[in-house]
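A.B. asks: task: produce atomic coordinates for the following.
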Amino acid sequence: MPALFLKSLIIVLGILCGFGPVVSVAAPQPVAEGWEYRWGDLPFTAEGVPDWSVAQQPEQWHAIDFPSNPPGRNGRDQVWYRVTLPAGDWQNPVLYIFSADLIVQVWLDGENIYQYGTFDKEGRGRFEGWPWHEIALPHVYQNKLLYFRVFSDYTDIGLWGEVSIMDHSELVLYILENSLKALLVAAFSLLVAVLALIFSLLQGGRKTFSSIGLFALASSVMLVAESQASLLIAPYALLWDYLAAGSYFLLPVALGLMLDQWLEDRPSRAYSLIWKLHLCYVIGALGLALLGVVDLSSTFPPFDALLLLSLSVMGVLTLPRLRSLTGEQQVLVLACGIFSALLIADMAVAHGILPWSQVPVSMGLLFFVLAVVIISLRHYALTQKALQDLTVTLEQQVADRTEKAETLLQREQARAGLLAFENEKSQIFADVIAELQACVSLGQAFQLLVEAMPRLCSPLKGMIYRQTASGAYGRLVHWGYGDAHPELAPVVTDLNSLPAPIRLIAGSMEDAEAAGKGWQQGLVCFPINIEFARHDAALEGLLLLDGDSISNSGYTAYGAARLMSSINLVAERIGVTFSGISLREDLQRFSYEDALTGLKNRRYFDQLFAHETAVALRKGTPLSLLLLDIDHFKRFNDTHGHEAGDTALQTFASILKPRFRGSDIVCRYGGEEFVVILPGSDISGARERAEEMREATRRELIMFEGNNLGCLTVSIGVANWPDSTDKPDQLLKLADETLYRAKTRGRDNVEVYLKPGTAS
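C.D. replies: Numbering: from 1, shown residues only. All right, here's what the predicted structure looks like:
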């Protein structure tokens, strides 16, 4: 036994190294001539021995080229074969049979020398697997008749494949030599399957990896289970047949899943129905076989017919769409096609349509696995390059952020220096005004004011109110009161409710001195008036200082009055600054808004598009662009007038707004042209949005002065980064080209720009 193992190991290593087997295996002696058959079972004696007098009647036997599927079966399930064994020079001769359908007895010299399966009293039995058979022969076997008793309710009846005589010591090596190629491919495929399933789990259950892993796993298990070496691993023929059946039945499930996922942008329910149908067959066939309702062998013919139909349907559906797949997907489809063709050829051999030969199914699987590996290596190389680019980008970002942090630190140090001069209120106020002028909105300015006024007015106690949407005044902040709270309510609905005697301070020094007698027990109120572009000046805010704190500040009456006058000037200056901020807000809104439709205008688009392209490049997220043009709008204007045309544009804008996300940018590009930026949207999602918009436009009626002017149609050009171009700043140009194509193809159409060489 050690010598046999060593010899097997040398053969394996030789084949792995590519030199072929370095230990020769003696060629087996085929038993190919002189076969005869007889339909039906022979009569048996009470001792269970065939009546050889009947068996020896020559008129009951008919010649046949090979002991399989004799003519005239007509539903019969019992047959005998016999053959005269040829002369040979073997030390320990055995008869090797590749397979048999389904159970068999072998008789020589009136003795049962081999039996596989259990025959009942009627000469029948159940399917027990498709192993190879090793039948020990006596040393003197030459020119003797060897009888085979066969039962089969399967489509085939008899022996199958190869029938040869060889030495017992050579048989294992012969089987290993014939199976090694399939085992190596199966091991390689199993490794790829495990890696694909791991990648699927690491990437959140990505379906493409899952289906590739399932296909590779099923194929590898099928190759191992169908190889003759499987019985050397575990001598359980029926177990291996169940594994072979399950993996074989799962192949169209995995193939249908792959095609269903790769062609999801062009949905076809056929792929989904095919793999679901086959999945049901797997569960049903194996379940019924395990329960003993049917023989496992009987599940193969219906499946083969179903598989042939499914492969034909998938081929018819896939070939017209092949050009729309990526190059990698096309290679995988080709590999699956080659593997499927070899499966069909193997099926034809199994059903006797083609003469027996070992179809190289493993080579088809090897081609598929190599394609997956090469594509994976390419992806790995691209990923490494992307990581290197990302590293460079991150290093640049770190450098930029370090520079910004240093800048912010310098600004904070300057601010700390300015705070050291807190007693110099004029300098503090100048700083506050400078900061206010940098604000972009009134909300931001009031927030800054809330933070700055306690510093500016210290040590005086006070508070700030701002007008609310209801017209009342709500408190934003108070300071100097410690744990206590101001007596004035947090919300003031009526200015007349402010405490007497002073509600508004006079602007001149003399008036301030005169009024100083009254602030000792009340509040001093400084208005913050703001000019708005949409209406006249309004009292937007109130600065209230506590009179007691003014009296206790240590200032003389003149000093306190001068202080109040300065604070009044501060309030006025703040109002002027806030007015400028309000005007800037209004001007910015007007400059970015289309007055007719209420959408953003082209200027806004130009700025945002540059920003979004930069974000897409930095984050590596897709970016889509839709360019829309109302069909025959000039004719609409000429027919119904410009006022009706304005109504049509407003109606179209009202259709646009609700059909896009809050993160999408919808703009009027000019005239009857509109543009939509879709950050993060892939080309499939952009096409879907465009089709929805086109359909919605067709359904919307244009009503003007009570008259129905019919419906508009729109042509849309779609471009996407990175599917349309490697340069996102080219999207507008490409979308314009596809829009022109949509116009030339009859309008009311959506056209998508894809990179050259890729079918739409």
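
A.B. asks: number of nearby residues for residue 57?
C.D. replies: Around residue 57 there are 10 other residues, counting by other Cβ atoms under 10 Å. Just so you know, the C-beta spots here come from the backbone N, C-alpha and C atoms, and that holds for glycine as well.

A.B. asks: check residue 671 too.
C.D. replies: With other Cβ under 10 Å as criterion, residue 671 counts 11.

A.B. asks: cool, the one 5 residues further on as well?
C.D. replies: By other Cβ under 10 Å, the residues close to residue 676 number 27.

A.B. asks: so what strands line up beside the host helix or strand of it?
C.D. replies: The secondary structure element spanning residue 676 is strand 673-679 (assigned by DSSP states H and E). Using DSSP bridges, the neighbouring strands of strand 673-679 in the sheet come out as strand 623-630 (antiparallel), strand 665-670 (antiparallel).

A.B. asks: let's have those strands in CSV, adding distance to residue 730 and mean neighbour count.
C.D. replies: What follows is the strands paired with strand 673-679, written out as CSV (distance: least, Cβ to Cβ, whole Å; neighbours: other Cβ atoms under 10 Å):
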stretch, distance to residue 730, mean neighbour count
strand 623-630, 10, 26
strand 665-670, 17, 20
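
A.B. asks: rank the ones you listed by mean pLDDT and give me the bottom one.
C.D. replies: Of all these, the segment with the smallest mean pLDDT is strand 665-670, scoring a mean of 89.

A.B. asks: right, and the secondary structure at residue 159 would be what?
C.D. replies: Assigned with DSSP: H, G, I helix; E, B strand; the rest coil, residue 159 falls in the strand class.

A.B. asks: tell me what it is bridged to.
C.D. replies: In this structure, residue 159 has beta-bridge partners residue 100, where bridges are defined by DSSP bridges.

A.B. asks: how close does it sit to residue 148?
C.D. replies: Using Cβ to Cβ, to the nearest Å, one obtains 7 Å as the distance from residue 159 to residue 148.

A.B. asks: what is in contact with the two at once?
C.D. replies: When Cβ atoms under 8 Å, 6 or more residues apart in numbering defines a contact, the residues bordering residue 159 and residue 148 alike are 67, 81, 104.

A.B. asks: pretty sure the second one sits against residue 148.
C.D. replies: I take that to be residue 81. Yes: taking contacts as Cβ atoms under 8 Å, residue 81 lies within contact range of residue 148: 4.3 Å.

A.B. asks: burial check on the residue nearest to residue 527 when sequence neighbours are not counted, number of neighbours?
C.D. replies: Leaving out its chain neighbours, the residue that sits closest to residue 527 by Cβ to Cβ, 6 or more residues apart in numbering is residue 539, at 5.4 Å. Counted by other Cβ under 10 Å, the residues lying close to residue 539 total 14.

A.B. asks: repeat for residue 454
C.D. replies: Neighbourhood size, residue 454 [other Cβ under 10 Å]: 17.

A.B. asks: with residue 699 instead?
C.D. replies: The number of residues packed near residue 699 is 8, by other Cβ under 10 Å.

A.B. asks: after the strand holding residue 676, heading C-terminal, what element do we hit next?
C.D. replies: From strand 673-679 onward toward the C-terminus, using DSSP H and E, the following helix or strand is helix 683-699.

A.B. asks: just name whatever secondary elements that next one is in contact with.
C.D. replies: strand 623-630, helix 642-656, strand 673-679, strand 707-711, strand 714-721, strand 750-752 (3 or more Cβ pairs under 8 Å, 6 or more residues apart in numbering; DSSP states H and E).

A.B. asks: now the angle from the strand holding residue 676 to helix 683-699?
C.D. replies: For strand 673-679 against helix 683-699, the angle between stretch directions is 150 degrees (axes from the mean of the first three to the mean of the last three Cα atoms, to 10 degrees).

A.B. asks: residue ranges with poor pLDDT in the stretch 551-700 of the chain?
C.D. replies: Residues of the stretch 551-700 of the chain that meet the criterion pLDDT under 70 lie in 551-562, 585-591.

A.B. asks: quick one, grab the pLDDT at residue 330.
C.D. replies: In the prediction, the pLDDT value recorded for residue 330 is 74.

A.B. asks: distance of it from residue 323?
C.D. replies: 8 Å.

A.B. asks: comparing the two, which residue is more hemmed in?
C.D. replies: Neighbours per residue, other Cβ under 10 Å: of residue 330 and residue 323, the larger number sits with residue 330, 14 against 11.

A.B. asks: and the more buried one, what does it touch?
C.D. replies: By Cβ under 8 Å, 6+ apart, residue 330 lies in contact with residue 322.

A.B. asks: and the gap between it and residue 389?
C.D. replies: Applying Cβ to Cβ, the value for residue 330 to residue 389 is 27 Å.

A.B. asks: what does residue 633 give?
C.D. replies: Look at residue 633 and residue 389: by Cβ to Cβ, they are 45 Å apart.

A.B. asks: okay, the two: which has more neighbours?
C.D. replies: Using other Cβ under 10 Å, the more surrounded residue of residue 633 and residue 389 is residue 633, with 18 against 11.

A.B. asks: my guess is the more buried one meets residue 645, correct?
C.D. replies: Yes: with contact defined as Cβ under 8 Å, residue 633 reaches residue 645; the gap is 6.9 Å.

A.B. asks: any chance of the helices and strands packed on helix 683-699 in a markdown table, plus distance to residue 346?
C.D. replies: Output for the helices and strands packed on helix 683-699, formatted as a markdown table (distance: least, Cβ to Cβ, whole Å):
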| stretch | distance to residue 346 |
| --- | --- |
| strand 623-630 | 46 |
| helix 642-656 | 58 |
| strand 673-679 | 49 |
| strand 707-711 | 59 |
| strand 714-721 | 43 |
| strand 750-752 | 42 |
